[in-house]
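# Next comes the sequence, and after it the predicted model I'd like to discuss.
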Amino acid sequence: MYSIYYSIYSGGFSLVRSLLKKYNIKGGTFDQHFLVDAGYLDRIVAAAELGPEDVVLEIGAGIGNLTERLAKKAKKVIAIELDPVLVRVLHDRFDKVENIEIIAGDALKVEFPEFNKVVSNLPYSISSEITFKLLRHNFKLGILMYQYEFAARMVSLPNCKDYSRLTVDTCYFADASILMKVPKSAFQPAPEVDSAVIRLVPRPAPFEVKNQAFFMDFVSAVFSQRRKKLKNAILNMNHVLKIPSIKEVIARLPEDIISKRAENLTPEELAQVANQIIDLKKSFFENELNEQ
Ligand SMILES: C[S@@+](CC[C@H](N)C(=O)[O-])C[C@H]1O[C@@H](n2cnc3c(N)ncnc32)[C@H](O)[C@@H]1O
């Protein structure tokens, strides 16, 4: 079988090679593809624009190759890692480094401590959940590695094939842009997919949303029928949206918008329809009360 030890040896990454050999780490499980290319590691750290005030959260610290570089520039690095073997590697490497704190556990479950920047080569299988968990925290800047296709969906535009629920949700919470594409060859063991680093800057939504929970459900529902006209998607998904008097509500929505497909509408137009539904629900409810 192709050995990670051999692949790293042939690549000449001596520190990584010795760590993986010493701890008998095979890689591959828990999304373990370690970024070993020093050029990309340095570019990621530079993009985080770290200074002595910054407290950095790193999710999935692995064997600590990014952690070590971050700690040289930041006030503190809090590194979360799930795999107990890698947690042991991190403790062995960094227990004497004062500004690195290691948290053993599942990043989806542990409570995040205070941080102002997040820099991570993320475990790709939890990309969505971890991003939305992060976006519910208050931080200034994220430099995050994702599978390339996922990153492309985060930053897409209406009328493009990658435009999706993820694009709209991301745009609601943050400005996102792709900083660089990272080839498979930059990792050990090499993953099957290319990667991309996203720069994420949280900010208030650039459009009004009257009810965030309803907006999120609405976007999810209409993108599950992305090629249907919005009015048909709303009707078909009403078992999820639970809009009372649905036909009357649809009749009052702006025809020029609801006769288009979700994939052709901007996040702002989708928010406009979701807000109107909220208002209509309220006015139907008030009318019903007045009639009683
Ligand atoms: C793509 S590797 C990145 C490793 C390292 N940061 C690097 O750049 O080489 C993802 C890391 O996340 C860890 N991981 C996977 N699922 C996790 C979870 N739910 N919580 C915390 N860490 C997780 C894996 O064990 C692995 O070390």
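Perfect, I can see it now.
# what does the stretch 1-150 of the chain have sitting close to the ligand?
Residues of the stretch 1-150 of the chain lying close to the ligand by Cβ under 6 Å from any ligand atom are 30-35, 59-62, 65-66, 80-83, 86, 106-108, 121, 123, 126. (C-beta placed from N, C-alpha, C; glycine too.)
# Now, those residues that are in strands?
Within these, residues falling in strands by DSSP state E are 34-35, 59, 80-81, 121.
# Switch these over to JSON lines; also include distance to F139, pLDDT and neighbour count.
What follows is those, written out as JSON lines (distance: Cβ to Cβ, whole Å; pLDDT from 0 to 100; neighbours: other Cβ atoms under 10 Å):
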{"residue": "F34", "distance to F139": "25", "pLDDT": "92", "neighbour count": "23"}
{"residue": "L35", "distance to F139": "21", "pLDDT": "94", "neighbour count": "19"}
{"residue": "I59", "distance to F139": "12", "pLDDT": "98", "neighbour count": "25"}
{"residue": "I80", "distance to F139": "14", "pLDDT": "98", "neighbour count": "24"}
{"residue": "E81", "distance to F139": "20", "pLDDT": "97", "neighbour count": "28"}
{"residue": "N121", "distance to F139": "17", "pLDDT": "97", "neighbour count": "28"}
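# Go through those and name the one nearest H137.
Nearest to H137 among those, counting by Cβ to Cβ, is I59 at 11.8 Å.
# Test my guess that the closest one contacts Y124.
No. Look at I59 against Y124 with Cβ atoms under 8 Å: they stay out of range, at 11.6 Å.
# what about stretch 33-50, how long is it end to end?
25 Å (Cα to Cα, to the nearest Å).
# you'd agree L57 is in a strand?
Yes. Per DSSP: H, G, I helix; E, B strand; the rest coil, L57 lies within a strand segment.
# how about the helices in the stretch 101-250 of the chain?
Taking DSSP state H, counting those that start in this stretch as the criterion, the stretch 101-250 of the chain contains helices spanning 127-134, 148-154, 165-173, 212-223, 230-236, 238-241, 246-252.
# I'd like to know which elements the fifth one is packed against.
Going back to what we said before, that points to helix 230-236. In this structure, helix 230-236 makes packing contacts with helix 212-223, helix 246-252, helix 255-258, judged by 3 or more Cβ pairs under 8 Å, 6 or more residues apart in numbering; DSSP states H and E.
# in it, what's buried?
Using 16 or more other Cβ atoms under 10 Å as the test for burial, helix 230-236 gives 230-231, 233-235.
# ok so, going back, least reliable of the helices of the stretch 101-250 of the chain going by mean pLDDT?
Within the helices of the stretch 101-250 of the chain, confidence is poorest for helix 238-241, with a mean of 88 (mean pLDDT).
# what's around the residue of the chain found nearest the ligand, how many residues?
Going by Cβ to the nearest ligand atom, the ligand is nearest to G60 of the chain, at 2.2 Å. G60: 23 surrounding residues under other Cβ atoms under 10 Å.
# what's the spatially most central residue of the chain in contact with, if anything?
Geometric centre of the chain, nearest residue: T131, 2.9 Å, by Cα atoms, centre = their mean. Contacts of T131 were listed using Cβ atoms under 8 Å, 6 or more residues apart in numbering, and they are 144, 154, 170.
# Any idea how many residues pack against S220?
Under the neighbour criterion other Cβ under 10 Å, S220 is assigned a count of 15.
# Now do the residue nearest to it when sequence neighbours are not counted against I103, distance only.
Distances taken as Cβ to Cβ, 6 or more residues apart in numbering place R165 nearest to S220, at 5.4 Å, with adjacent residues excluded. R165 is 30 Å from I103, where distance means Cβ to Cβ, to the nearest Å.
# do A251 as well
The value you get for A251 to I103, if Cβ to Cβ is used, is 53 Å.
# who has more neighbours, these two?
Between A251 and I103, counted using other Cβ under 10 Å, the more crowded position is I103 (20 against 12).
# Give the bridge partners for that one, please.
I103 forms beta bridges with I80, as assigned by DSSP bridges.
# OK, contacts around it?
78-81, 110, 113.
# quick one: it from P113, how far?
Relative to P113, and taking Cβ to Cβ, I103 is found at 8 Å.
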